[in-house]
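In: I'd like to go over a predicted model; first the sequence, then the structure.
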Amino acid sequence: MNLEQLFSQHSEETIHGRYITLKSIEPLLQKLNSNNQLKIIGKSVLGKSIYSYQIGDGKIRILLWSQMHGNESTTTKALFDFLNVLESGSELAQRLLKSFTFYTIPMLNPDGAKLYTRENANKVDLNRDSNELTQPESKLLRAVFESFKPEYCFNLHDQRTIFGVSDTGKPATLSFLAPSYNEEREINDSRLKAINLIASINEVLQEYLPNQIGRFDDSFNINCIGDKFQYLGVPTLLFEAGHFPNDYEREKTRIYVFMALISSFTTLSENVIVSNGINKYLNIPQNKVVFYDFMYKNIKINYDGIEIITNFAAQYKEELIENQICFNAYVSQIGDLENYFGHFEYDAEGALYKDSFESIPKLNQKADFYLDNDIKFVNGMIKI
């Protein structure tokens, strides 16, 4: 199966970029609602509708939810790409719909999506509320879990650009986790099913995304939804959509999330269990915080009359301005950046730093500056 071709045939072209809100997806849900599969299952803190979309009549029950964190929209896009496949009438669609019943919640946190925040409208991280269940969105997801009785859960998230694949210098474009179910991080039958499935996904995706797949930290936290569902005995997979070079809108990453979903369900439907799954899973390199968006090396600065050579890094802040996400670069680190990488790197070779203030980079200052070799940087990038 050519997964790139499959994506190009079924990608949902009406949604793109990072700012995906309830208003963005409601028309798509209505379009997909050909047989009364769409339901409003609850309301958010601010009274926004939370939808479920159920399709298929197979024995294996799959629960998928996206945008538990409102500013993590890549998997929402990929989920609609996948739903387009299921609605296509193709041989693949028919096979999957006979094998599975899919229950999807494409946007669990519509308030956070509108505000472009990780938290809900009460400023609560829903992924730290799985035990206390203080929020309506958390209670709703638990109620769905208990009534639908899934055999697999897919917890769909984004991760920041800071993550790399161990120390390889490659960004962690996708990362996966079979969450722990106890403090000791032991492997029981339920967790093993998630491990084996991730190992299978990784084998498929390495063909398309070599050396850019990581394994998320498996420290146990009962307040996290994946850990809680694993603790309750249901195999749970965490998807983390990360950075692909020059893809801050996450349109390339979206493709790989789609591929991961397709490969998950073709593997399960064919009942193909990888051999040595635990070893293959543990051999996926761990996520590591090793990246900045921008890194500037060998910069000369004049510090109290003394010229020194230093390095500094800048990081984008994703800021919602007039219903658009603006990527604004700010200085985030100054000094020794050994063992770190930049998605954009520039060696100044000793050129003198200047800006409109004190001509010394300061933390949290906008990354607008120039060098005495007449190179100007605006919002982190060289201005041509």
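Out: Nice, I can see it.
In: K366 versus S332, what's the distance?
Out: Relative to K366, S332 is positioned 12 Å away (CB to CB, to the nearest Å). C-beta coordinates here come from the backbone N, C-alpha and C atoms, glycine included.
In: Please pick out the residue of the chain most distant from its centre.
Out: Most distant residue from the mean C-alpha position of the chain: G305, 45.7 Å away (CA atoms, centre = their mean).
In: ok, it - contacts?
Out: By CB atoms under 8 Å, 6 or more residues apart in numbering, no residues touch G305.
In: Show me where the stretch 151-300 of the chain has its helices.
Out: With helices called from DSSP state H, counting those that start in this stretch, the stretch 151-300 of the chain shows them at 189-205, 225-231, 251-270, 277-282.
In: So L83: helix, strand or coil?
Out: helix (DSSP: H, G, I helix; E, B strand; the rest coil).
In: What's the local residue count around the closest residue to it other than its chain neighbours?
Out: For L83, ignoring the flanking residues on the chain, the nearest one in space by CB to CB, 6 or more residues apart in numbering is L32 at 5.9 Å. When neighbours are counted by other CB atoms under 10 Å, L32 registers 21.
In: ok, L32 to E87 distance?
Out: Applying CB to CB, the value for L32 to E87 is 6 Å.
In: Can you check which residues contact both of these two?
Out: Contacts common to L32 and E87, judged by CB under 8 Å, 6+ apart, are absent.
In: who touches the most centrally placed residue in the chain in this structure?
Out: Nearest to the mean C-alpha position of the chain, by CA atoms, centre = their mean, lies D158 at 1.6 Å. Contacts for D158 (CB under 8 Å, 6+ apart) come out as 69, 71-75, 240-242, 250.
In: neighbour-wise, which of those residues leads?
Out: T75 (31 neighbours).
In: outside of the host helix or strand of that one, which residues touch it?
Out: In the assignment (DSSP states H and E), T75 maps to helix 74-86. Helix 74-86 has contacts (CB under 8 Å, 6+ apart) with 6-7, 10-12, 15-16, 18, 20, 25, 28, 32, 53, 55-56, 64, 66-67, 92-93, 96-97, 102, 104, 106-107, 156-158, 239, 241, 250, 253-255, 257-258, 261-262.
In: and that helix, how far from the chain's centre?
Out: 14 Å (CA atoms, centre = their mean, to the nearest Å).
In: Downstream of it, the next helix or strand is which one?
Out: Next in sequence after helix 74-86, counting helices and strands by DSSP H and E, comes helix 91-99.
In: Now do the buried residues in that following helix.
Out: Of all the residues in helix 91-99, those buried under the rule 16 or more other CB atoms under 10 Å are 92-93, 96-97, 99.
In: Give me the contact list for it.
Out: By CB under 8 Å, 6+ apart, helix 91-99 touches 1, 6, 55-60, 85-87, 265-266, 268-269.
In: try 10 Å this time
Out: When contacts are defined by CB atoms under 10 Å, 6 or more residues apart in numbering, helix 91-99 is touched by residues 1, 6, 10, 55-60, 62, 82, 84-90, 102, 262, 265-266, 268-271.
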